[in-house]
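Trainee: All I have is the shape, not the residue letters:
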């Protein structure tokens, strides 16, 4: 793995009343980010089994600059604005990959 890559984990809690809408907006944002932004290497969202409103996103960016560009991207800003009242908790963690492997 490149030393410049940024890997983060987002721990998100969503108001259950807004979960369906939140998931749709998240799906749009992730699809656009991966399709349009060369520096977004992967975004993977999961929910804690049995707790669908507890969402975790593993984010991998090519560099710090790519991460910062992602935060300014129109599709990301749309997602942040649209989901602001739906998210009850957000924790961003910088993580150190141990092993990350996927098929092309």
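Mentor: Perfect, I can see it now. Remember, predicted model here, so these are calculated numbers, not experimental data.
Trainee: What residues sit buried inside whichever strand or helix holds residue 82?
Mentor: Taking DSSP states H and E as the definition, residue 82 sits inside helix 74-83. For helix 74-83, a neighbour-count test (16 or more other C-beta atoms under 10 Å) marks 75-76, 79, 82-83 as buried. In short, each C-beta sits where N, CA and C put it, glycine included.
Trainee: again, but for stretch 47-56
Mentor: 53, 55.
Trainee: Would you work out how far apart the start and end of that stretch are?
Mentor: End-to-end distance of stretch 47-56 (C-alpha to C-alpha, to the nearest Å): 6 Å.
Trainee: Stretch 89-103 too?
Mentor: 33 Å.
Trainee: If you count neighbours, what's buried in whichever strand or helix holds residue 93?
Mentor: Using DSSP H and E, residue 93 sits in strand 87-94. For strand 87-94, burial by neighbour count (16+ other C-beta under 10 Å) applies to residue 87.
Trainee: partners of it, with directions?
Mentor: Next to strand 87-94 in the sheet, as set by DSSP bridges, lie strand 6-14 (antiparallel).
Trainee: buried ones in the partner strand?
Mentor: 6-7, 12-14.
Trainee: Of those residues, just say which sits nearest to residue 24.
Mentor: Nearest to residue 24 among the buried residues of strand 6-14, counting by C-beta to C-beta, is residue 14 at 11.8 Å.
Trainee: before we move on, back to that, now the helix holding residue 82 and strand 87-94, what's the angle there?
Mentor: 140 degrees (axes from the mean of the first three to the mean of the last three C-alpha atoms, to 10 degrees).
Trainee: just how off-centre is helix 74-83 within its chain?
Mentor: Between the centre of helix 74-83 and the centre of its chain there are 12 Å (C-alpha atoms, centre = their mean, to the nearest Å).
Trainee: Contacts for it next, please.
Mentor: Contacts with helix 74-83, where a contact means C-beta atoms under 8 Å, 6 or more residues apart in numbering, come from 14, 18, 22, 25-26, 28-29, 32-33, 36, 70.
Trainee: Quick one: list the elements packing against the longest helix seen in the chain.
Mentor: As assigned by DSSP state H, the longest helix anywhere in the chain is helix 19-36. Packed against helix 19-36 by the contact rule (3 or more C-beta pairs under 8 Å, 6 or more residues apart in numbering; DSSP states H and E) you find strand 40-48, strand 51-61, helix 74-83.
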